[in-house]
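J.: mind looking at a prediction? Sequence and model below.
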Amino acid sequence: MHCEATFYGHQVPPNTGILAIQKISGNFKGFRIAATGNTLELNESFEIVKKLKLVGTPTKIYKNTAFITGMFNSDLEVSRFEGASIKTVSGIRGQVKKGLHEGQPGSFRATFEDKILKSDIIFCRTWMPVEMKKYYNPVTSLLLKNGSDGWRGMKNKAQLQIETRTPIKVNPDSIYKPIIRTEKKFNKLHVSKKLEENLPFKSKPKNETKRRNKSYASKRAVVMDSSEKKKYSFLQAVNTIRNEKVAKKKESNARRQVERAKVNEKTEERIAAATKINMKRKYRTDGKIQAARERKRLHG
């Protein structure tokens, strides 16, 4: 797959080749070509954006409406994001409605598809513009006599840490940790009796209550009489005979297929040998004809 990169540098025509080298100063073991590519276009007004996820938490919940705090810092930011789509971690979608004058600055009212929980985390996906640094240092001394040994660029942080033997700082927030999420148990749908009476039969809830005692139909035992026993035993005998016939037929078919494969293999070998002899005769005849033509051409 290709990767697109935008950087600030001198003007070059499109389709100019680019070669990225990791290190060009000194003799390093890690010398390698980092990337190869070509330029696509030149433009001073490139807009570079990165993903930004704003996170907030609910403070008050009223059915499908909730008050969210922690996502914005002021009422001005809330007014800019009015109508933006938000979402909870559990997948419930919502929308930013209006800012609140009370409480923490940046609080707002939002509506959701379903009632959310106090433990839900609400986030809003946005795009943040990134300004590019307008600086580049053209190196024109690499073609001199000394080459890259006579020019030394700026050392990066990793190289300075290796030379000075300073330990690398590890941010504990950057270490991957196992994600443990508790399964949420949603409450059952409760339909009031007044509403259930007005619903059609196919939309009414079919919740059967569990019985404490077993019913008569489940407790009674089925006892066959003499005629039913004779019929049942006869059917069992017929099924046994049929199953035995099917098994014998499968076995004979498998044996027949093995014998047929052996015969086909011998036939193919005989055909291949005859074809080989015929081809040898043909090549020998063609060779004699070609030699006779060549002698006739030389004598003539």
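T.: Nice, thanks for sending it over. Residues are numbered from 1 along each chain as shown.

J.: and the helix of greatest length in the chain, how far from the chain's centre?
T.: Ranked by residue count, the top helix of the chain under DSSP state H comes out as helix 226-299. Here the centre of helix 226-299 is set off from its chain's centre by 47 Å, with C-alpha atoms, centre = their mean, to the nearest Å.

J.: specify the residue ranges that define each domain of the protein.
T.: Under automatic domain parsing, the residue ranges defining each domain of the chain are 17-46+134-164, 48-130, 224-300.

J.: got those domains as CSV, with distance to residue 198, mean neighbour count and mean pLDDT columns?
T.: For glycine as for every other residue, the C-beta is placed from the backbone atoms N, C-alpha and C. Formatted as CSV, the domains of the chain follow (distance: least, C-beta to C-beta, whole Å; neighbours: other C-beta atoms under 10 Å; pLDDT from 0 to 100):
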stretch, distance to residue 198, mean neighbour count, mean pLDDT
domain 17-46+134-164, 61, 10, 76
domain 48-130, 21, 15, 91
domain 224-300, 49, 10, 92
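
J.: so can I have JSON lines of those domains showing distance to residue 191?
T.: Shown next, in JSON lines, are those (distance: least, C-beta to C-beta, whole Å):
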{"stretch": "domain 17-46+134-164", "distance to residue 191": "57"}
{"stretch": "domain 48-130", "distance to residue 191": "16"}
{"stretch": "domain 224-300", "distance to residue 191": "46"}
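
J.: any idea which of the ones you listed gets closest to residue 193?
T.: domain 48-130 (20.6 Å; C-beta to C-beta).

J.: that closest one: end-to-end distance?
T.: Domain 48-130 has an end-to-end distance of 5 Å (criterion: C-alpha to C-alpha, to the nearest Å).

J.: what's the span of stretch 99-114 from first residue to last?
T.: End-to-end distance for stretch 99-114: 21 Å, by C-alpha to C-alpha.

J.: if you could redo that for stretch 75-87, that was the one I meant.
T.: 20 Å.

J.: roughly how far out does it sit from the chain middle?
T.: The answer for stretch 75-87 is 31 Å, by C-alpha atoms, centre = their mean.

J.: ok, stretch 282-300 next?
T.: On C-alpha atoms, centre = their mean, the centre of stretch 282-300 falls 67 Å from that of its chain.

J.: repeat that for stretch 81-93.
T.: On C-alpha atoms, centre = their mean, the centre of stretch 81-93 falls 23 Å from the chain's centre.

J.: test my guess that residue 75 contacts residue 105.
T.: Yes - using C-beta atoms under 8 Å, residue 75 makes contact with residue 105 at a distance of 6.7 Å.

J.: where do the strands sit along the stretch 1-150 of the chain?
T.: Ranges of strands within the stretch 1-150 of the chain are 17-21, 33-38, 48-62, 65-69, 85-88, 93-99, 108-112, 122-130, based on DSSP state E, counting those that start in this stretch.

J.: between those, which gets nearest to residue 140?
T.: strand 17-21 (16.0 Å).

J.: what is that closest one packed up against?
T.: strand 33-38 (3 or more C-beta pairs under 8 Å, 6 or more residues apart in numbering; DSSP states H and E).
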